[in-house]
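# Sequence first, predicted coordinates after that:
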Amino acid sequence: MIRALRLWARKHTERGRYSPVGVAFHWVMAFLVLFQLGWGYYTSWIPVGGDKLYAYQVHSAVGLPILLLALGRLGWRLLIPGPVNDADEPGWQSQFAYAVHYVFYIAFFGLPLTGWAMWSSTAEPGALYLAGIIPWPQLPFDQLSLDQRWQVMQAAETVHLWLVVTVLIVIPLHVGASLKHHFWDRHDVLRGMLPEVPDAEDPQAAPQHSPREPRIPDEKAAG
Ligand code: HEM
Ligand code: HEM
């Protein structure tokens, strides 16, 4: 089964592309995380009351699926190697890109887990629903004293907010780097993460990609 999946994915990765599963994970999760950042910030401005509670319920309902998607994505990533693309040159830039990917994976787990911990450590936790429909359990904090719950809440809130700050720093670096590789270096890295549109007329979707010539030819080549 895993061998068959690897063979299927290799048809994409040997052309410098992420498999459609990797692409779907990437864009669905990127959209959800960006939504959560905006919605979480908006929610923090709503005055305490029913609207704020409802907004946090929406925040939790959208955030909890990220935890399950993160498990699926990590499993996929560990079993199915990603592509090697033009940007995979030895050096600090590749190492930095991988480090940013690790940070994203930490956030994919850390944000929902700390959100879940915050929710479960309130004195009377409200009900949680995955995607607003499927009942989701509370973490087993009911044996803790109120004082201990308060400490859990404080710690979870601090980590949640620090992860938010971290993600807000690395997203512009990640997006900026992918645009720089695409428009400046003319590397295939962003193309490999976009859904493939099968169109033989479209060179962007051509099955075989080879890096374009450098924009400024070196002196030898220029004669
Ligand atoms: C990737 C997923 C998530 C992201 C990006 C995210 C982002 C945010 C942001 C931006 C805030 C507002 C911070 C502020 O300005 O005060 C926030 C607050 C909060 N989030 Fe999340 N969140 C995520 C997942 C979750 C989940 C799954 C839950 C609950 C199950 C949750 C529960 C909360 C709570 C309770 C707060 C209020 C914290 C406070 O006391 O200020 N979050 N989150
Ligand atoms: C417009 C926004 C975005 C663009 C253009 C973009 C582009 C890309 C590209 C080109 C890659 C492949 C990098 C490589 O193979 O070295 C990639 C990988 C990745 N991106 Fe993004 N990205 C965007 C937003 C995001 C966001 C918001 C997140 C996180 C919430 C994210 C998380 C990741 C992760 C974790 C990987 C590693 C691939 C994997 O292990 O699954 N990206 N992205």
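Right, received. Where do you want to start? Everything numeric in this text was worked out from a predicted model, so none of it was measured. Ligands and ions are numbered 1, 2, ... in the order given.

# Give me the helices and strands touching the longest helix seen in the chain, please.
Longest helix of the chain, by residue count under DSSP state H: helix 146-179. The contact analysis (3 or more Cβ pairs under 8 Å, 6 or more residues apart in numbering; DSSP states H and E) places helix 146-179 against helix 20-45, helix 92-120. (Each C-beta comes from the backbone N, C-alpha and C, glycine too.)

# Tell me which of these is the most buried.
Across the helices and strands packed on helix 146-179, the average number of neighbours (mean count of other Cβ atoms under 10 Å) peaks for helix 92-120, which reaches a mean of 17.

# now the angle from that helix to helix 146-179?
Here the directions of helix 92-120 and helix 146-179 differ by 150 degrees (axes from the mean of the first three to the mean of the last three Cα atoms, to 10 degrees).

# Beyond helix 92-120, next helix or strand please.
strand 128-130 (DSSP states H and E).

# Pull out the buried positions in that next one.
Neighbour-count burial for strand 128-130 flags 128, 130 (criterion: 16 or more other Cβ atoms under 10 Å).

# i'd like the first residue to be 11 from this point on
Right, with 11 as the first residue, what we last looked at is strand 138-140.

# about what we covered before: want to try a markdown table for the helices and strands packed on helix 156-189, with mean pLDDT and distance to ligand 2 as columns?
What follows is these, written out as a markdown table (pLDDT from 0 to 100; distance: least, Cβ to the nearest ligand atom, whole Å):
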| stretch | mean pLDDT | distance to ligand 2 |
| --- | --- | --- |
| helix 30-55 | 97 | 4 |
| helix 102-130 | 96 | 4 |
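
# how about those helices, which one is nearest L74?
helix 102-130 (5.8 Å; Cβ to Cβ).

# Reformat the helices and strands packed on helix 156-189 into JSON lines and put distance to L79 next to each item.
Converted to JSON lines, those look like this (distance: least, Cβ to Cβ, whole Å):
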{"stretch": "helix 30-55", "distance to L79": "6"}
{"stretch": "helix 102-130", "distance to L79": "7"}
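
# returning to what we had before: are the longest helix of the chain and ligand 2 in contact anywhere?
Yes. Judged by Cβ under 6 Å from any ligand atom, helix 156-189 comes into contact with ligand 2 at 181, 184-185, 188.

# In ChimeraX, select just the buried ones from those residues.
Buried residues within the residues of helix 156-189 next to ligand 2, by 16+ other Cβ under 10 Å, are selected in ChimeraX with:
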select :181,184,188
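
# As CSV, the residues of helix 156-189 next to ligand 2 with pLDDT and distance to L42 would be great.
Listed next are the residues of helix 156-189 next to ligand 2 as CSV, based on pLDDT from 0 to 100; distance: Cβ to Cβ, whole Å:
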residue, pLDDT, distance to L42
I181, 98, 13
H184, 97, 16
V185, 98, 16
S188, 96, 19
